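Student: Sequence first, then the predicted structure:
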Amino acid sequence: MSASASDQLGEALRQASRIVVFTGAGISTESGIPDFRSPGGVWSKMKPIYFQEFVGSEVRRREAWTRVFSGAAGWVGKEPNAGHHAVARLVASGRASAVITQNVDNLHQASGVPEGRVIELHGNASYATCLDCGLRHELDELRPVFVDRGEIPACRSCGELVKTATISFGQQMPEAPMMRAEAETNLCDLFLVLGSSLVVTPAAHFPVKAKRNGARLVIVNRDPTPLDEIADLVLSAEIGPTMTAAMRDLN
């Protein structure tokens, strides 16, 4: 990372009045959470369980809950890193209106970003919901049910299937977060991508929409993305140090 590059990012942040931060797995790898698609990532070690499999098969439901309570996905017990804290400061400064995230690890909220400012496109792995009535269930409440008694969790209200509040393969994208993300994208003057490969749709459409609406597009990601050619600034660098340096003089 060159000083001039971080200076450019800092200047872009200072010039913007309404920033949308868009985060992917790359921001959380710096907290020790493996990403999903890279060699050595989660999906190279275990196959995803599709939503239809979870609903239709008790065996697959049991496997899914085993993964949850064994910590197989790697995000249990992890803490926010410098990148998350920099994003939280950006939100607290009033310059960033929202954080749109593809991550399910709850680390933006843990870093201090208000719940209402985080738009989770792929859900949240830190709790569960009933697939029928939507009632929230805390994992600490479900752990003894599955781990100690060997029972697959069911809703305490209606008795129907309970699943972590993540969006699985084959599951419909949540309408409300998608609508909020689009609204924020349309209003921003800077769309800041942190740690996303920008290959997963429909999430990857948001930076394109922002650019078409006249916003500046800045991408900080370890590897090249398909949208680098339309971005105003691309930094191939670690997110935590880059954001920390860029915000050093931000008022």
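Tutor: Received the coordinates, thanks.

Student: From now on I want contacts and neighbour counts done on CA atoms only, so please keep to that.
Tutor: Fine.

Student: Can you check which strand is longest in this protein?
Tutor: Longest strand of the chain, by residue count under DSSP state E: strand 123-130.

Student: What is the distance between the helix or strand just after that strand and the centre of its chain?
Tutor: Beyond strand 123-130 on the C-terminal side, the first helix or strand identified by DSSP states H and E is strand 136-138. Strand 136-138 has its average C-alpha position 20 Å from the chain's average C-alpha position, going by C-alpha atoms, centre = their mean, to the nearest Å.

Student: Show me the residue at the heart of the chain, geometrically.
Tutor: Within the chain, one residue has its C-alpha closest to the average C-alpha position: by C-alpha atoms, centre = their mean, that is residue 103, at 2.1 Å.

Student: related to what we said a few turns ago, restricting to C-alpha, output the longest strand of the chain in PDB.
Tutor: The C-alpha atoms that make up strand 123-130 are tabulated as PDB, following Å, rounded to 0.1, in the frame of the first residue of the first chain:
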ATOM      1  CA  GLY A 123     -28.600 -13.000   6.900                       C
ATOM      2  CA  ASN A 124     -26.900 -13.500  10.300                       C
ATOM      3  CA  ALA A 125     -25.400 -16.700  11.700                       C
ATOM      4  CA  SER A 126     -25.400 -15.500  15.300                       C
ATOM      5  CA  TYR A 127     -29.100 -16.400  16.000                       C
ATOM      6  CA  ALA A 128     -31.900 -18.500  14.500                       C
ATOM      7  CA  THR A 129     -35.400 -17.900  13.300                       C
ATOM      8  CA  CYS A 130     -38.500 -20.000  12.700                       C
END
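
Student: what lines up beside that strand in the sheet?
Tutor: Under the criterion DSSP bridges, strand 123-130 sits next to strand 136-138 (antiparallel), strand 162-166 (antiparallel) in its sheet.
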